[in-house]
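> just a sequence and a predicted model for now, questions to come.
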Amino acid sequence: MDIGKRLSRAAAIAVVTGLALLGGTTTDVGASETEHPEAQDWKFTGPFGKFDIAAIQRGLQVYLEVCSACHSLNQIAYRNLLDLGFNADEVKAIAAEYEVTDGPDDNGDMFERPARPSDKFVLPFANEKAARASNNGAFPTDLSLLAKAHPAGPDYIFAVLTGFDDPPDDVELGDGMNYNPYFSGKQIAMAQPLFEGSVEYSDGTKATVENMARDVANFLHWTAEPEMEDRKRIGWKVVLFLLVLSALLYATKRKVWSSVH
Amino acid sequence: MSSHTQHSGYSVGGLVKWIDSRLPVFTYLQKEYGEFPAPRNFNYWWNFGAILSFMLVLMIFTGIFLAMQYTPHVSMAFDSVERIMRDVNYGWMLRYMHSNGATFFFIAVYIHLFRGLYYGSYKNPRELLWIFGVVILVLMMASAFTGYVLPWGQMSFWGATVITNLFSAIPLVGDWIVTWLWGGFAIDNPTLNRFFSLHFVLPFVIFAVVALHVVALHVTGSNNPLGIDPKGPQDTLPFHPYYTAKDSFGLAVWITLFAAVVFFAPNFFGEPENYLRANPLQTPAEIVPEWYFLPYFAILRSIDFDLWFIDAKLGGVIVMTGSILVLFVVPWLDRSPVRSARFRPVYKWFFWIFLLDCVLLGFVGGHRPDDLVFEGVKQLEFIDLGHVGTAWYFIHFLVIIPVLGMIEKTKPLPTSIAEPVLGGGQAAAGAAAKPMEKA
């Protein structure tokens, strides 16, 4: 494009831009055809939000019984479950169900032992190559920080888990891929993981796909920001203190300045 | 309290006297922060010097404690940051204060900078003061960039890739410089190591330049909203207690806002993708810098055409560098004898247009160049806004400001600061500079 054309176009655009700024309505189109996850009602949102411990415990159960077959959770140790209301013995028992490789022992050999509370959650695969080999070439992502790593966070997790569907006629799926309108590119290597009754909840909650997806999202929100309740509780103290301090400093300033105004 | 402001010498305690006669720190503090005559008409835009000092100290302190727990190694950096977030006592608080501190540092520095542009604080005799300020801004950008790389998330890695690759645009030696910056042929452990080292040391360099900035300020004295020089003691107030009180209040309000973000929305300004571990084999769908770099990013990308022998990439780098360098010469571009925009009816408008232009560029920097601004309007892509915004940025500095300096008809200036403040210079002159007599 030559400079003259560029300039005339620029002038026209300047006018439109002014209008755009006045109107303030711009939409992000063409960024992605992926469907935007619907906002769900979560107990943890807002400055007063708290963890839904029962849901997180159920989500843990779904993770351990379903997701953990493929997905690691490498930032979480079994001892972290103490924060979810499990007592020390329960945590020990949960950890002991998994085997970890330790060593070398005095003979220089590696050995297997039951996991301890201080161990991180045992990984489903020895390494990325092994994970890809078992998953049609795809690498199941680590879930620890997923709720913070996507703009829609837990809404996204819920949407993907409940979003599996038959592909529309115009969608051509890749080999071994599944249709999910919420996943980037609308195709996901993971097959639908949750079905009605995939787990059996002990608290009487019905194990519908929606309930399980919601519980998993709650659980993964906790794994992503386990400090949330502490953070908000301290935050209220800090902010209230600072508001009082600001008021006092304002009064001080008024008094200091009263002789010159 | 009144004794503080009435005596020029300090008279508390023998030890103080003993030290002071050997190293006059107390006399200095009393002179520069006690009696220091500040124009009596500062508005709250003058709080940001104190706010910025606080932010710098906060960043250095939180940073030192984070560095005690952080591991600058490509295979451990990401996990060491998560360990800080999860296992270090109040580590999440340190890290969120540090990461959001960068955001609030930049908000404050941009307000401070635009305050200077509005009130003409860069003009004679404050040119050097302004230049030190721009140097601080450049150092802050370098610190922020190197710091953002340290968590070794996806945006850390790919942001570093994009920015360091800019140097490859330099003719002849570009590729050599990039290799030298990386410490190898790809961004890898040596790069992370040196970025950590630089990120640790740069804030202390900033601290030193801030000291020069403050010393220069105390030589020329502060500018003020009227932009006229104080003509005598009736136009000024001792810094303490008047501006210590005002700064303390402003700072407390600022920290309240900061705390609200740190504790209730700590990831609001962050890029979610940086919670994914860096993966050199997987480019993110979009590589975007932190919000405070978006206007420069838009300027960089707005040069998408070759000009003579300069290809688009080099052109973008030159123009982006120029957008910062031009700030250094603002004191000489603006020939208007009047400092404050209050008395410059035309410049005032162009100031606000320029501010909007910078916001627009930030907005453009956050979108892909070929995204449509409006759905269905195929003629208007973000790159077009980038062209206009970038052009205006330079027109403002290189055409509007010099021309206005020559042709603008300014309003008459008040005869003294005390006059408009107290609504009658005569009556106020005697009463004004009295030290405060209340406890």
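Looks like it arrived, so ask away. No experiment lies behind these values; they were computed from the predicted model shown. Residues are numbered from 1 along each chain as shown, chains lettered A, B, ... in the order given.

> show me which positions of stretch B:256-264 end up buried.
Within stretch B:256-264, the residues scored as buried using 16 or more other Cβ atoms under 10 Å in any protein chain shown are B:256, B:258-259, B:261-264. Bear in mind the C-beta positions are built from the backbone N, C-alpha and C, glycine included.

> other residues contacting it?
Contacts with stretch B:256-264, where a contact means Cβ atoms under 8 Å, 6 or more residues apart in numbering or on different chains, come from A:47, A:231-232, A:234-236, A:238-239, A:242-243, A:246, B:93, B:96-97, B:100-101, B:103-104, B:268-269.

> chain A: strands as residue ranges?
A:99-102, A:111-114, A:178-179, A:187-188 (DSSP state E).

> er, the stretch 101-250 of chain B actually
Assigned strands in the stretch 101-250 of chain B, in chain order: B:236-238 (criterion: DSSP state E, counting those that start in this stretch).

> where does it come near chain A, residue by residue?
By Cβ under 8 Å from any Cβ of the partner chain, the residues of the stretch 101-250 of chain B that approach chain A are B:237, B:241-242, B:245-246, B:248-249.

> just the ones of those residues in helices?
By the criterion of DSSP state H, membership of those in helices covers B:245-246, B:248-249.

> how about the nearest residue to the residue of the stretch 101-250 of chain A found nearest chain B, chain neighbours excluded?
Taking Cβ to the nearest Cβ, chain B has its nearest neighbour within the stretch 101-250 of chain A at residue A:235, 2.6 Å off. Spatially, and ignoring its direct neighbours in sequence, residue A:235 is nearest to residue B:263 (2.6 Å; Cβ to Cβ, 6 or more residues apart in numbering or on different chains).

> rewinding a little: what about the contacts of stretch B:256-264, which are in helices?
Cross-referencing those against helices under DSSP H gives A:231-232, A:234-236, A:238-239, A:242-243, A:246, B:93, B:96-97, B:100-101, B:103-104.

> and these, which of them are buried?
Burial by neighbour count, judged by 16+ other Cβ under 10 Å, picks out A:231-232, A:234-235, A:238-239, A:242, A:246, B:93, B:96-97, B:100-101, B:103-104 from these.

> helices along the stretch 151-300 of chain B, start to end?
For the stretch 151-300 of chain B, helices defined by DSSP state H, counting those that start in this stretch occupy the ranges B:154-166, B:174-182, B:189-220, B:244-264, B:294-302.

> just name the most buried of these.
Using mean count of other Cβ atoms under 10 Å in any protein chain shown, the stretch among these with the largest mean neighbour count is helix B:294-302, at a mean of 24.

> the helix or strand just after that helix vs helix B:174-182, what angle?
Using DSSP states H and E, the helix or strand that follows helix B:294-302 towards the C-terminus is helix B:312-328. Helix B:312-328 runs at 70 degrees relative to helix B:174-182, counting by axes from the mean of the first three to the mean of the last three Cα atoms, to 10 degrees.

> so what secondary structure elements neighbour helix B:312-328?
helix B:127-149, helix B:154-166, helix B:294-302, helix B:382-395 (3 or more Cβ pairs under 8 Å, 6 or more residues apart in numbering or on different chains; DSSP states H and E).

> who's in contact with it?
Helix B:312-328 is contacted by residues B:113, B:131, B:134, B:137-138, B:141, B:166, B:169-171, B:296, B:299-307, B:310, B:333, B:390, B:393-394, B:397-398 when judged by Cβ under 8 Å, 6+ apart.

> pLDDT wise, what is residue 56 at?
Just going to use chain A. Predicted confidence (pLDDT) at residue A:56: the value is 98.

> you looked at the wrong chain, it should be chain B
Confidence for residue B:56, expressed as pLDDT, is 98.
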